[in-house]
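Visitor: Need the 3D shape of this:
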Amino acid sequence: MFKLGVIGDKDSVYGFSSVGLNVFFADTPAEGTRILREIADDYAVIFIVEKLASAMETELQRYASRPCPALIPIPGVSGNTGIGVKNVSSFVEKAVGSDILPD
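Guide: Below is the predicted model of the structure:
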């Protein structure tokens, strides 16, 4: 069975445990990187709070060409940083050859 996980600060990710996701608390990019490296081989999808994901971009690129885990940025309690929308826009542009999403 595929595992789903979420990495981020406690306030942003704590509630995900109530819907069955495994929750990993990380307040710094170093903690997030360490956790990601430990769990990546065992998870199909890992959600990462956008603020943390933006600080871990180099590490996230190591997994970009792998089918698993899918690394999905999500907004945290501090709000949306736009990294998730930027990634979707990039994927759409690669798929269709042009950025067709409105700004």
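Visitor: Which element, helix or strand, includes the nearest residue in space to residue 52 that is not next to it in sequence?
Guide: Residue nearest to residue 52 in three dimensions, not counting chain neighbours: residue 32, with 4.9 Å by CB to CB, 6 or more residues apart in numbering. Placement of C-beta: from N, CA and C, glycine included. Using DSSP states H and E, residue 32 falls within helix 29-39.
Visitor: what comes up buried for that helix?
Guide: 29, 31, 32, 33, 35, 36, 39 (16 or more other CB atoms under 10 Å).
Visitor: try stretch 14-25
Guide: With burial defined by 16+ other CB under 10 Å, the residues of stretch 14-25 counted as buried are 16, 21, 23, 24, 25.
Visitor: and what of stretch 65-79?
Guide: Buried residues in stretch 65-79 (16+ other CB under 10 Å): 69, 71, 72, 73, 74, 75, 76.
Visitor: For that stretch, what is the distance to the chain centroid?
Guide: 2 Å (CA atoms, centre = their mean, to the nearest Å).
Visitor: check contacts around residue 26.
Guide: 7, 8, 9, 32, 34, 35, 52 (CB atoms under 8 Å, 6 or more residues apart in numbering).
Visitor: would the first one count as being in a helix?
Guide: No - when classified by DSSP: H, G, I helix; E, B strand; the rest coil, residue 7 is found to be strand rather than part of a helix.
Visitor: Bridged to it, which residues?
Guide: Under DSSP bridges, the beta-bridge partners of residue 7 are residue 24, residue 48.
Visitor: That one reaches residue 45, doesn't it?
Guide: No - the pair formed by residue 7 and residue 45 falls short of the contact definition of CB atoms under 8 Å, at 11.5 Å.
Visitor: Sounds good, over and out.
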